[in-house]
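Novice: A predicted structure for the sequence below; I have some questions about it.
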Protein chains: 2
Amino acid sequence: MSGTLDFFFEFASSYSYPAAMRIGEVARSAGVNVRWRPFLLGPIFKLQGFDTSPFNVFPDKGRYMWHDLARTCEGLGLPFQRPDPFPQNGLLAARVAHVGLAQDWGEAFCRAVFTAEFGQGREIGNERVIRELLVGLKQTPEGVLARARSDEIKNALRAATEAAQRLGIFGAPNFVVGDELFWGNDRLEQAIKYALQRSTDKRS
Amino acid sequence: MSGTLDFFFEFASSYSYPAAMRIGEVARSAGVNVRWRPFLLGPIFKLQGFDTSPFNVFPDKGRYMWHDLARTCEGLGLPFQRPDPFPQNGLLAARVAHVGLAQDWGEAFCRAVFTAEFGQGREIGNERVIRELLVGLKQTPEGVLARARSDEIKNALRAATEAAQRLGIFGAPNFVVGDELFWGNDRLEQAIKYALQRSTDKRS
């Protein structure tokens, strides 16, 4: 692999869905290594004075986002179903993802969560949904959920959120190369190019 | 020309700068006709509860925007100088642009305003700056400024702002094809593609 990129995303974030579904293939073709870093936007939105998604606070922007997200998914051949309520509570999914990312099923779990949420409109804050996704990945829900609620995993998620804050992250998804930040699903290709360039510069 | 696209932009808007500088060439290569529609974001921001740019209201987002804009300009080979204060007052420039767009020097004037503002950090709300740009385009400032302050031109600008509101526009720049809205400099290519597709569909 040449070049590394940190993928900061939040399960409740609408544009994190297409980003999560396509980053694996885009990065693999380019030979860039991706570190998946689920974090929580809630504490960051709170600091901005929001107690819900800005897409709910600003209705015109929200209307555009849903239309654009549907259009984006159509272009990528991804199923789309608007979840209700929005935003979903992504806390449990984020903790479980941190368990899986330290093992070998984390990325598949993230894609499964996003597909359930934005592809099928399911409630990912519901533990039964998360259990079902784990079973689909041949994991034992009891063990994984116990681990997801351990202090170690809670701290890992907190650390990811704090790292996002230190990077000046204010939304999702984000692609981070060194301390260079690229915000938005649209910017994946630019971030990949930057990661490759930076890795070439380092070697020369 | 096959396909038409409405380019809704605001002179105070930072990302309208790269969009305005590149849309001519991108659209020409694709054979898409562009209608330049300067409008005012102020009344739209007011309805969202803002009395300044959201980039000032949300400092993390603002910091990212300035960094990203500098990066975007560098990538396009455009000069960049952050104007102070931001946002600039784009009212006079927008009125003059409506005068020029009904004649044959409007697009060149728009590019000159954006270059002065974001390429050289000049104050476009200052009438002397606008006069200088007009002289550079072989226009007589007195006549143009008198026309810019006529009821007809004031109404034309008001109509553009109202059209933007009806389309659900909440920021700038925007590319509009029929009633399909694409928001953000990044989306120019997608809008062009859509305009071409739509014009093909209409003919078949």
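Specialist: All right, it came through fine.
Novice: Could you look up the SS state of residue A:124?
Specialist: Three-state call for residue A:124 (DSSP: H, G, I helix; E, B strand; the rest coil): coil.
Novice: got a list of what it touches?
Specialist: Contact analysis of residue A:124 by C-beta atoms under 8 Å, 6 or more residues apart in numbering or on different chains lists A:11, A:83, A:88, A:89, A:90, A:92, A:93, A:113, A:116, A:117, A:130. In short, each C-beta sits where N, CA and C put it, glycine included.
Novice: The same query, at a cut-off of 10 Å, please.
Specialist: With contacts defined as C-beta atoms under 10 Å, 6 or more residues apart in numbering or on different chains, the neighbours of residue A:124 are A:11-12, A:83, A:88-94, A:96, A:112-114, A:116-118, A:130, A:133.
Novice: what do you get for residue A:50?
Specialist: A:41, A:42, A:44, A:56, A:57, A:58, B:58.
Novice: can you tell me the helix or strand for it?
Specialist: Using DSSP states H and E, residue A:50 falls within no helix or strand.
Novice: any idea which helix or strand carries residue A:7?
Specialist: Per DSSP H and E: residue A:7 is located in strand A:4-9.
Novice: What residues does chain A have near chain B?
Specialist: A:44, A:47-50, A:54, A:57-65, A:67-68, A:71-72, A:75, A:165, A:167-171, A:174, A:180-184, A:186-187, A:190, A:193-194 (C-beta under 10 Å from any C-beta of the partner chain).
Novice: of the residues you listed, buried ones?
Specialist: Neighbour counting by 16 or more other C-beta atoms under 10 Å in any protein chain shown classes A:44, A:48, A:50, A:54, A:57-58, A:60-62, A:64-65, A:68, A:72, A:167-171, A:174, A:181-184, A:186-187, A:190, A:193-194 among the residues of chain A next to chain B as buried.
Novice: give me the low-pLDDT residue ranges for chain A?
Specialist: Counting by pLDDT under 70, the ranges of chain A that qualify are A:1, A:204.
Novice: downstream neighbour of the longest helix along it in the secondary structure list?
Specialist: Using DSSP state H to define each element, chain A has its longest helix at helix A:59-76. Of the helices and strands lying after helix A:59-76 in sequence (DSSP H and E), the nearest is helix A:91-101.
Novice: packing partners for that next one?
Specialist: If contacts are counted by 3 or more C-beta pairs under 10 Å, 6 or more residues apart in numbering or on different chains; DSSP states H and E, helix A:91-101 sits against strand A:33-38, helix A:106-114, helix A:127-136, helix A:141-148, helix A:151-166.
Novice: Is residue A:69 in contact with residue A:17, as I believe?
Specialist: Yes. If you go by C-beta atoms under 10 Å, residue A:69 and residue A:17 touch, sitting 7.5 Å apart.
Novice: Which one of these two is surrounded by more residues?
Specialist: Higher neighbour count among residue A:69 and residue A:17: residue A:17, with 27 against 20, using other C-beta atoms under 10 Å in any protein chain shown.
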